[in-house]
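**Student:** Next one to model:
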Amino acid sequence: MPQLEVDGATLRYDDEGPRDGDGVPLVFIHGWTANRHRWDHQVDHFAQKRRVVRLDLRGHGESDGSGRRTVAELAGDVLAVLDHLELDRFVLVGHSMGGMIAQTLTLAHPERVERLVLVNSISRMTYSRGRGLLMAVSTKVPFKLFVAANIQRAFAPGYPREKIREYVRTSADTPREVVMTCYGAMRSFDVFDRLGEISTPTLLVHGYHDIQLPVSQMLRMAKAYPDAVVRIVDAGHELPVEKPAELTTAIDRFVTDRP
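**Tutor:** Numbers count the residues shown, from 1 in each chain. Purely as a prediction, here's the structure:
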């Protein structure tokens with residue numbers, strides 16, 4: 001597997017698909033405590049016809065390194081990989097924290113982002129009363145319990161329990177320092193007042209049952225985007241694995257301009 005040393009971390013990534021395929025490359029960025037395999041369905045589909053890049057963020061999946069304290073620093077890691085691959089222009093697809101990273105990259109380098117896809121993501125971190133209480137006691141409970149509580153809430157009602165347990169285990173394998181540092185980075189993330197600067201065509205796909213980042217927050221964000229399309233799916237926060245085919249279809253139609 002290819003890898004890149006970036007500021008004390010080894011970032012592992014996949015670079016698949018034809019170099020002379022249809023359209024600019026797609027770049028997939030996963031969310032908090034996840035890894036690049038959240039995008040398996042999408043990569044399997046798109047890599048048949050265009051170049052696709054995805055990575056494990058530092059401290060996640062098969063990448064090592066300590067956590068980053070700001071979303072901008074996480075975006076710097078992603079940019080280092082894209083520069084290493086000499087990708088001058090691309091479509092960014094980010095889930096949750098990955099969407100925060102994607103927005104940050106777009107604001108910093110609008111000339112390089114052809115299109116932007118945000119999956120269950122927001123531009124300003126706010127919390128429901130329940131989530132706020134959970135976060136307030138996060139340092140008072142065992143780490144694995146904290147992770148389990150967050151991941152279990154991320155899926156829509158009815159999603160198979162055995163699959164949820166699998167994702168809980170994967171998330172709990174992420175080092176505590178990385179989990180909590182990235183959590184702090186998300187808490188301080190706020191680009192809401194700059195969304196009017198993003199003229200890049202943007203697709204916002206959100207799960208109707210998302211209680212982590214409620215759809216109402218996404219809709220407020222969507223109004224601030226100059227050129228945005230919204231798709232709401234019958235899913236929770238983990239849309240890439242709950243409804244992978246629906247997400248892949250939405251992205252495909254958006255990046256190929258099919259109605």
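**Student:** Ile101: how many residues sit nearby?
**Tutor:** 30 (other CB atoms under 10 Å). For glycine as for every other residue, the C-beta is placed from the backbone atoms N, C-alpha and C.
**Student:** And it, how close does it get to Val78?
**Tutor:** If you measure Ile101 against Val78 using CB to CB, to the nearest Å, the figure is 6 Å.
**Student:** Look up the residues that both of these two are in contact with.
**Tutor:** Contact criterion CB atoms under 8 Å, 6 or more residues apart in numbering; residues shared by Ile101 and Val78: Ile29.
**Student:** For the biggest helix by length in the chain, report the contacting residues that lie outside it.
**Tutor:** When the chain is parsed with DSSP state H, its longest helix is helix 71-84. Contacts with helix 71-84, where a contact means CB under 8 Å, 6+ apart, come from 4, 6-7, 9, 11, 13, 27, 29, 53, 55, 57-58, 68, 90, 97, 100-101, 104-105, 108-109, 182, 185-186, 188-189.
**Student:** Turn the buried ones among these into a named ChimeraX selection, would you?
**Tutor:** Burial among the contacts of helix 71-84 is assessed by 16 or more other CB atoms under 10 Å; the matching ChimeraX selection reads:
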select :4,6,9,11,13,27,29,53,55,57,58,68,90,97,100,101,104,105,182,185,186,189
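**Student:** Which ones among the contacts of helix 71-84 map onto strands?
**Tutor:** Judged by DSSP state E, the subset of the contacts of helix 71-84 located in strands is 4, 6, 9, 11, 13, 27, 29, 53, 55, 90.
**Student:** nearest to Gln217, of those?
**Tutor:** Lowest distance from Gln217 to the ones in strands among the contacts of helix 71-84 (CB to CB) belongs to Ile29, with 19.4 Å.
**Student:** now the helices for the protein?
**Tutor:** 40-46, 71-84, 97-108, 129-136, 143-152, 161-172, 176-187, 215-224, 239-242, 244-255.
**Student:** In TSV: those helices, plus distance to Ser123.
**Tutor:** Compiled in TSV, the helices of the chain are given as follows (distance: least, CB to CB, whole Å):
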stretch	distance to Ser123
helix 40-46	22
helix 71-84	11
helix 97-108	6
helix 129-136	17
helix 143-152	20
helix 161-172	24
helix 176-187	12
helix 215-224	5
helix 239-242	18
helix 244-255	19
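**Student:** Select from these the stretch with the lowest mean pLDDT.
**Tutor:** Of all those, mean pLDDT reaches its minimum on helix 129-136 (a mean of 63).
**Student:** Which residues are in contact with Arg36?
**Tutor:** Contacts of Arg36 were listed using CB under 8 Å, 6+ apart, and they are 13-14, 28, 30, 54-56, 61.
**Student:** redo that, cut-off 7 Å
**Tutor:** The contact partners of Arg36, taken as CB atoms under 7 Å, 6 or more residues apart in numbering, are 14, 30, 54-56, 61.
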